[in-house]
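Visitor: here's a sequence, model it:
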Amino acid sequence: MPVALAAAAAVLWWLLAVRYAYHGQTTALFMIGEQTPMPQWLEASEPLYRWRGSGGYDGQYFHLLAHAPLEFPSLAPLMDRPRMRCQRILIPLAAWTVAGGRQQWIDPAYFSVILMTLCAGVWWTARLALHHGASPWWGLAFLALPASLGSIERMLVDGPLMAAVAGFLLLFETGQWRAAWVLAALAPFVRESGLVLPAAAALVWWNRRSWMTAALWAAAGVPFLLWLLMLHDLPGGVEFRWAGAFHSLRQLAWQSEPVDRYPQYRAWLQALDLAVLAAFLGACAASLHGLWTAWSRPARLSPALSAAALTAAAALALCHLEPRHAWDSVFSLGRVFAPVYFGLLVQGIAAGRPGLALWCLAPAALRAALPLGHVLWRVAVQGAGN
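Guide: From the prediction side, this is the model:
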């Protein structure tokens, strides 16, 4: 039932958004910028909805890759950071495969892949809750993750990655080691932050003094590292440099996102951004504290807590560097580092105390859901006009 409800909600929003806000053009869901270059053959094969006054968002590059996933060297000049985009090949490749390479079916296939992975995330989260003696309706909490909301609204790969996290945790906790290892190996091909899965598993077994098992789990990240070597000649990777202690955190706290479009709500939106930032730092602190207290008791260190703590450590390490990466906005922060929220939530459900995780997640979920409100407002206004 939670899966059916989640699927219906996502499909309904897509249908309403395309009809009432995007003039019937489904490519609007990929957020292709007005000045973003696209190949002539793609422009000729389908009408591309352009977001005026916008540079677009990441979904525009996954859309491009889905139409020609095996030709990424020739597509590189059209991308902002070709190496970083192409290393996240799995979802575009899956859409191309489902469509059988037929151009007219690739966009529907992409939507289907996003929908199926989000439904899988809800299903696996519900199963995790049942495994810990809680209600399966906790599965709907998966949709509240900024990563899931971003995938619904902008066709991003963060939601599918979080589905892989949910599936991995379920398989690991129920002792389905081979399937869990395969999922851990595939996750980085969705997004490089999926490396947290083999790392989390290795940390759990390292804590249990099972060195060989830890090494085998760490080896799940090797296929992706080989993929990175294959892409080495592509330009546009991310090269970080030191920018100062907590540089990105300070920038995000003092220079919130521009809200010129809604000046009457400026104070409220900036307050919400600060609440998201404070709650995220609270989630990081709770995850790291949980790891610290569980380390001396190997049986208490779960893969969920391990994944949350490792992601929190990565987030706090990146905030000293430039480019700002996920620290450029609270929306990016919430979706890229979503394993912090999710791992803390699963740990809380297992312990019967999910309140802290929900309090940390709530501001980020609200912030990520705000863009949906604009479309729903357009639906309401046009519906009333009819």
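
Visitor: need the contact list for Arg88.
Guide: Going by CB atoms under 8 Å, 6 or more residues apart in numbering, Arg88 touches 62, 157, 189-192. Quick note: C-beta positions are derived from backbone N, CA and C, even for glycine.

Visitor: excluding chain neighbours, what is closest to His132?
Guide: Excluding its sequence neighbours, the residue lying closest to His132 (CB to CB, 6 or more residues apart in numbering) is Ala350, at 4.3 Å.

Visitor: what's the neighbour count on that neighbour?
Guide: Neighbour count of Ala350, defined by other CB atoms under 10 Å: 19.

Visitor: distance of it from Leu305?
Guide: 9 Å (CB to CB, to the nearest Å).

Visitor: now swap in Trp211 and tell me
Guide: Note on Trp211: its distance to Leu305, by CB to CB, is 21 Å.

Visitor: for these two, indicate the residue with more neighbours.
Guide: Remark: of Trp211 and Leu305, Leu305 carries more neighbours, 26 against 11, as counted by other CB under 10 Å.

Visitor: which parts of the stretch 201-350 of the chain are strands?
Guide: Assigned by DSSP state E, counting those that start in this stretch, the stretch 201-350 of the chain shows strands spanning 241-242, 321-322.

Visitor: elements contacting the last one?
Guide: Put plainly, it is strand 321-322. The contact analysis (3 or more CB pairs under 8 Å, 6 or more residues apart in numbering; DSSP states H and E) places strand 321-322 against strand 241-242, helix 247-254.

Visitor: got a list of contacts for the first one?
Guide: Outside of strand 241-242, the residues within contact range by CB under 8 Å, 6+ apart are 320-322.

Visitor: over to stretch 53-71?
Guide: 27, 29-36, 38-39, 42, 45, 72, 74-75, 78-80, 85-86, 88-89, 91-93, 95-96, 103, 106-107, 109-110, 154-157.

Visitor: which of these are buried?
Guide: Buried residues within the contacts of stretch 53-71, defined by neighbour count using 16 or more other CB atoms under 10 Å: 27, 29-33, 36, 38-39, 42, 72, 75, 78-79, 85-86, 88-89, 91-93, 95-96, 106-107, 109-110, 154-157.

Visitor: among the residues you listed, which are in helices?
Guide: Judged by DSSP state H, the buried ones among the contacts of stretch 53-71 include 42, 72, 75, 85-86, 91-93, 95-96, 106-107, 109-110, 154 as members of helices.

Visitor: tell me where the stretch 251-386 of the chain has helices.
Guide: Counting by DSSP state H, counting those that start in this stretch, the segments of the stretch 251-386 of the chain that form helices are 266-294, 303-318, 330-336, 338-351, 355-385.

Visitor: got the angle for the longest one vs helix 338-351?
Guide: Orientation of helix 355-385 against helix 338-351 (axes from the mean of the first three to the mean of the last three CA atoms, to 10 degrees) gives an angle of 120 degrees.

Visitor: quick one: average pLDDT of helix 355-385?
Guide: When pLDDT is averaged along helix 355-385, the result is 84.

Visitor: of the helices and strands packed on strand 321-322, which is nearest Val330?
Guide: Nearest to Val330 among the helices and strands packed on strand 321-322 is helix 247-254 (6.8 Å), distances taken as CB to CB.

Visitor: what angle separates the closest one from helix 266-294?
Guide: With the same axes, to 10 degrees defining the directions, helix 247-254 sits at 140 degrees from helix 266-294.

Visitor: just want the angle from helix 247-254 to helix 303-318.
Guide: Relative orientation of helix 247-254 and helix 303-318, computed by the same axes, to 10 degrees: 90 degrees.

Visitor: who are the contact partners of Ser46?
Guide: For the record, residue 46 is Glu, not Ser. Contact analysis of Glu46 by CB under 8 Å, 6+ apart lists 27, 103-104, 107.

Visitor: revised request: answer the last question for Ala147.
Guide: Shown in contact with Ala147 (CB under 8 Å, 6+ apart): 156, 158-159, 161-162, 334-336, 338.

Visitor: mind putting those residues into TSV with distance to Ala9?
Guide: As requested, the contacts of Ala147 are exported to TSV (distance: CB to CB, whole Å):
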residue	distance to Ala9
Leu156	17
Asp158	18
Gly159	13
Leu161	20
Met162	17
Gly334	19
Arg335	18
Val336	23
Ala338	19
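
Visitor: so which residue is smack in the middle of the chain?
Guide: Asp158 (1.9 Å; CA atoms, centre = their mean).

Visitor: you'd agree that one is up against Pro339?
Guide: No - using CB atoms under 8 Å, Asp158 is not in contact with Pro339, being 10.2 Å away.

Visitor: in what helix or strand does Leu118 lie?
Guide: When elements are assigned from DSSP states H and E, Leu118 belongs to helix 103-131.

Visitor: how distant is that helix from the center of its chain?
Guide: 13 Å (CA atoms, centre = their mean, to the nearest Å).

Visitor: what's the angle from it to helix 338-351?
Guide: Orientation check (the same axes, to 10 degrees): helix 103-131 against helix 338-351 gives 30 degrees.

Visitor: helix 103-131 packs against which elements?
Guide: Using 3+ CB pairs under 8 Å, 6+ apart: helix 103-131 touches helix 2-16, helix 59-67, helix 90-98, helix 146-154, helix 158-173, helix 338-351.

Visitor: do that again at 6 Å, thanks
Guide: The criterion is 3 or more CB pairs under 6 Å, 6 or more residues apart in numbering; DSSP states H and E, and the helices and strands that helix 103-131 contacts are helix 2-16, helix 59-67, helix 90-98, helix 158-173.
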